[in-house]
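> coordinates for the following, if possible.
(chains A and B)
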Amino acid sequence: MITTQLNRKTFLLASALLAGGLGLGLQAAQAADPLYLPNVVELSGPGAVSGTNWRDGIILAVEEINAKGGILGRKIELENLDTQSDAGISRAQMQKVLDKNPYVVLGPVFSGSVLVDMALTSQAEVPEIMGGEAAAITQKGSKYIFRTAFGQQSSIPKLANYFRDGLKAKTVAVVWVNNDFGKGGRDNFIKEMAARDIKVVADISTESGQADFSADVVKVKGANADAIFVYTNEEESARFLKEARKQGIKTPLIGETTLLGQKVIDLAGDAANGVKGHVGLSADAPIPAVQEFAKKFKARFNYVNDHNGIKGYIAVYMIKAVTEKTGKFDSKLFASTLHGMTIKPEQEPGILMEATWDANGDIDRASFLAEIVDNKQKIVEILPKLNK
Amino acid sequence: MIDFLTSRGFKIFFALFIAALLITAPFYLRNFGLYLIAMWLVISVAALGLNLTLGYAGQVSMAQGAFVGIGAYVTGLMTLAGVPWPVAFLCSGLLCFVIGWVLGYPALRVQHHYLAFVTLAFSTLVFLLMRNEEWLTKGIYGLTDVPRPILFGWNTGKAFDFYFFVLGVVTLLSLGVWWIIRSPWGRAFVALRENPVRALSLGVDTRRYTLMAFAMGSAIGGFAGALYAPLVQFFEPNSFALPLSLNLLLMVIVGGGGTFFGPFIGAATAVLLPEWLRIAQGYYLIIYAIVVMVLMLFCPTGIMGLGDRFISHFRQKRISAERAEKAKDMSQQEGK
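Residues are numbered from 1 along each chain as shown, chains lettered A, B, ... in the order given. As a prediction, the model looks like this:
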């Protein structure tokens, strides 16, 4: 009898231990499972400059996080997928990664592609952290889209204030690229100018991939505005600046982030000197963490990053900060937690600058007024967070 | 072996095998795989249309992408306004037929690369209209949330259902094209390509048939667009800019212009091959470009032409061997 009882006790104990052990084993296996992180981005075509920066920023962050043991013990397994800067291919690639049930997806940078992809991520209820800046992205009501940089509806008003207060401009000429990025910026800018009683005397649309800007510069010159707002992609910006200098334009050339970006400085050379504007993110920001990041980036990839590099880097640290807060890998919980969340560099150094996300996924963060001096971006003023 | 490969029985067996593969595909593929195959089918239809214009009638058109765009916008705008998909589908084809007919007029005056320039200009014009006429096309932001059709209570909203819907429509369209090619029209198109003067002397109305080839090819492009719109659901003018037209041209040439299955193989090369080559990471587009260049270098008649060459090579070899055997027998008999 005693033997039977003992046997039963031993059996129960053994079973409990076995079950517990298995459970722990399973948990350990889960914890050790790599965390699949897809990045759908422009690695060829017109968006390759921005996309490559974004990807390399991500690679740098992933390597750092993995070297320290990953997120909640799970190492990140990154997959980069090229969209060829085409919205259709981007949609197909996003579908492909969503079939693998990812926790979060990264990219793209081109707003047109984001607008196409976000319907899929919203349907699949998977958070998408992306680099697009078109205002329309966060106005579609998706609960799963998050910015890494200002949307145009946040950055353009800051710039518009500079036209009114800094430049004291009464008239302005606008040169913009006719794609979803340029059109969104132009529409917001015209609206903000009207609100500040500044007259738009020339509204010049240019093409993506345009090589010759001589006719556009002639038109800008003829408009005789107090300032010129240039809102095109990197390579086109550089070509425009070169042509503007060639034709001897002395009017202030003002831009938003892209026009003052490193790639534009590299391509335009001396023609970029004197350009001023608002910069959402900058490797030259007088913030030690950002400068430290720029050094690491240069050492790892042997080129100077632009704002897209920073965007990619903080995208991964956003995942780390939110996941460590929630304590689990739950996509829906991730999205609801990040809405209204503020991440400070004291909590997560990889975030570089304090940032807050609102209910639409828009970001609020300090930004800068900058000028290009001697082929380098010089920060003139730090603008505080909007809601501070 | 060659006899077996070219026999009617094998062709039927092969067609049934492909059909079985396409029907069973959804059961072992996930959403992305279904999307990719549906995209291949839709793009194949657009290439089928161009094949009629270019492959059979010999008219170089760089506007097929624009016709796909017109079809997609017509269907997108109409279905978003609540019009049933079949009506929108027919309107897309009809409008493209009319525009193709009108665009065909320059084709009567210019040939070859001059015609290519005319169609190139048309393609750019259509892109600019799509982008700049915001009141109609919503401009650069494009159309979003294009609904998938509901036919007789069958909701094709899910990837699985929509795949079968596309498969059905593409099969019907392909049969239609098959019929056109084998009809007197198809024969007249080939005559037009091979020797227009002779065709005219034989009583073929070359003017009418050139216009017809253009209009039919364009209408099929429009039908492809009508399928493209609910497939991708979100599109913008850039999707139908010149690269699509060039890509379709590439598909017809790589697949084998003037053959019925050429466009399907060409579309597979353009849609599926880059996807399979993605394992080569950053080099996939370079490898793809090299594959296409090598193919064109060694086989200007396309993949279908390669198959034909392969078969005729072996056939020739066998005939020569048989001849040699016969000659040997005869000489032996003479020796006796």
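> pull the CA atoms of the one helix or strand A:Ala244 maps to into CSV?
Using DSSP states H and E, the element containing A:Ala244 is helix A:234-246. Coordinates of each C-alpha in helix A:234-246 appear next as CSV, following Å, rounded to 0.1, in the frame of the first residue of the first chain:
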residue,chain,number,x,y,z
GLU,A,234,18.0,64.0,-53.6
GLU,A,235,19.4,63.7,-57.1
GLU,A,236,17.0,66.1,-58.6
SER,A,237,17.7,68.6,-55.8
ALA,A,238,21.4,68.5,-56.6
ARG,A,239,20.8,69.0,-60.3
PHE,A,240,18.5,72.0,-59.6
LEU,A,241,21.1,73.6,-57.2
LYS,A,242,23.8,73.3,-59.8
GLU,A,243,21.7,74.9,-62.5
ALA,A,244,20.5,77.6,-60.1
ARG,A,245,24.1,78.6,-59.3
LYS,A,246,25.1,78.4,-63.0
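> hmm, it in reach of chain B?
No. Applying CB under 8 Å from any CB of the partner chain, one finds helix A:234-246 separated from chain B by no less than 15.3 Å. The C-beta positions use only the backbone N, C-alpha and C, and glycine is treated the same way.
> could you tell me how far that helix lies from the centre of the chain?
24 Å (CA atoms, centre = their mean, to the nearest Å).
> go on, stretch A:374-382?
The answer for stretch A:374-382 is 21 Å, by CA atoms, centre = their mean.
> which parts of that stretch are buried?
Neighbour-count burial for stretch A:374-382, counted by 16 or more other CB atoms under 10 Å in any protein chain shown, picks out A:Gln377.
> same check, this time on stretch B:211-227
Within stretch B:211-227, the residues that count as buried by 16+ other CB under 10 Å are B:211-227.
> try stretch A:119-136
Applying 16+ other CB under 10 Å to stretch A:119-136 flags A:119-122, A:124, A:126-136 as buried.
> and chain A, what are its domains?
A:34-150+A:285-366, A:153-279 (automatic domain parsing).
> the closest residue to chain B within the stretch 101-250 of chain A: how many residues sit nearby?
At 4.4 Å from chain B, A:Val116 is the closest residue in the stretch 101-250 of chain A, using CB to the nearest CB. Using other CB atoms under 10 Å in any protein chain shown, A:Val116 has 28 neighbouring residues.
> which residue comes closest to the most centrally placed residue in chain A once chain neighbours are left out?
Taking CA atoms, centre = their mean, the centroid of chain A lies closest to A:Gly131, which sits 3.1 Å from it. Of all residues beyond its chain neighbours, the one nearest A:Gly131 is A:Val109 (3.7 Å), with distances taken as CB to CB, 6 or more residues apart in numbering or on different chains.
> ok, and for the helix holding A:Ala244, which residues are buried?
A:Glu234, A:Glu235, A:Glu236, A:Ser237, A:Ala238, A:Arg239, A:Phe240, A:Leu241, A:Lys242, A:Glu243, A:Ala244, A:Arg245.
> where do the helices sit along the stretch 201-336 of chain B?
For the stretch 201-336 of chain B, the helices defined by DSSP state H, counting those that start in this stretch occupy B:206-232, B:242-255, B:262-271, B:273-276, B:284-298, B:302-335.
> what do you get for the stretch 51-200 of chain A?
A:87-98, A:111-124, A:152-161, A:180-195.
> pipe those helices into CSV and attach mean pLDDT per row.
CSV is the format used below for these (pLDDT from 0 to 100):
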stretch, mean pLDDT
helix A:87-98, 93
helix A:111-124, 92
helix A:152-161, 91
helix A:180-195, 93
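> mind putting the ones you listed into a markdown table with distance to A:Ala227?
Below are those laid out as a markdown table (distance: least, CB to CB, whole Å):
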| stretch | distance to A:Ala227 |
| --- | --- |
| helix A:87-98 | 33 |
| helix A:111-124 | 25 |
| helix A:152-161 | 11 |
| helix A:180-195 | 10 |
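> how about stretch A:90-99 and chain B, touching?
Yes. Looking at stretch A:90-99 against chain B by CB under 8 Å from any CB, the contacts come from A:Arg91, A:Ala92, A:Gln95, A:Lys96, A:Leu98, A:Asp99.
> quick one: which of those residues is most hemmed in?
Counting by other CB under 10 Å, top hit in those: A:Arg91 with 25 neighbours.
> that residue contacts A:Val114, correct?
No. A:Arg91 lies out of contact with A:Val114 (CB atoms under 8 Å); the separation is 10.6 Å.
> quick one: low-confidence residue ranges for the stretch 1-150 of chain B.
B:1-6 (pLDDT under 70).
> return the residues of it in contact with chain A.
Residues of the stretch 1-150 of chain B lying near chain A (CB under 8 Å from any CB): B:30-32, B:35-36, B:39, B:131, B:139-142, B:144-145.
> restricted to helices, list those residues.
Among those, the members falling in helices (DSSP state H) are B:Asn31, B:Phe32, B:Tyr35, B:Leu36, B:Met39, B:Arg131.
> contacts with chain A among the buried residues of stretch B:211-227, please.
Among the buried residues of stretch B:211-227, chain A is touched by none when using CB under 8 Å from any CB.
> would you map the strands across the stretch 251-388 of chain A?
A:253-256, A:276-279, A:342-343, A:355-357, A:363-365, A:367-373, A:376-383 (DSSP state E, counting those that start in this stretch).
> what residues are up against the residue nearest the centre of chain B?
In chain B, the residue lying closest to the centroid (CA atoms, centre = their mean) is B:Ala47, at 1.7 Å. Applying CB atoms under 8 Å, 6 or more residues apart in numbering or on different chains to B:Ala47 gives the contacts B:Gln64, B:Leu248, B:Met251, B:Val252, B:Gly255, B:Pro263, B:Phe264, B:Gly266, B:Ala267.
> what does A:Gly361 give?
A:Thr138, A:Ser142, A:Tyr144, A:Ile145, A:Phe146, A:Arg147, A:Leu338, A:His339.
> can you report phi and psi for it?
In terms of degrees, to the nearest 10, the main-chain angles of A:Gly361 are phi 90, psi 0.
> tally of neighbours for A:Arg371?
Heads up, residue A:371 is Glu, not Arg. 18.
> tally of neighbours for the closest residue to it other than its chain neighbours?
Spatial nearest neighbour of A:Glu371, chain neighbours left out: A:Lys276 (4.6 Å); criterion: CB to CB, 6+ apart. Counted with other CB under 10 Å, residues neighbouring A:Lys276 total 22.
> so A:Lys276 bridges to which residues?
Counting by DSSP bridges, A:Lys276 is bridged to A:Ile254, A:Glu371.
> returning to what we had before: how about the residue of the stretch 101-250 of chain A closest to chain B, what does it touch?
A:Ala87, A:Gly88, A:Ser90, A:Arg91, B:Val232, B:Phe234, B:Phe235, B:Glu236.
> verify the contact between the first one and B:Pro237 for me.
Right, the one you point to is A:Ala87. No. With contact defined as CB under 8 Å, A:Ala87 does not reach B:Pro237; the gap is 10.4 Å.
> of the buried residues of stretch A:119-136, closest to A:Asn305?
Of all the buried residues of stretch A:119-136, A:Asn305 sits closest to A:Gly131, with 13.0 Å by CB to CB.
> got the phi and psi for the closest one?
Per-residue torsions, A:Gly131: phi -110, psi 0 (degrees, to the nearest 10).
> just name the shakiest helix or strand of chain A by mean pLDDT.
helix A:2-32 (a mean of 47; mean pLDDT, DSSP states H and E).
> next SSE after it?
Next along from helix A:2-32, by DSSP H and E: strand A:35-41.
> what helices or strands is that next one leaning on?
Using 3 or more CB pairs under 8 Å, 6 or more residues apart in numbering or on different chains; DSSP states H and E as the contact test, the elements touching strand A:35-41 are helix A:48-67, strand A:76-82, helix A:87-98, strand A:105-106.
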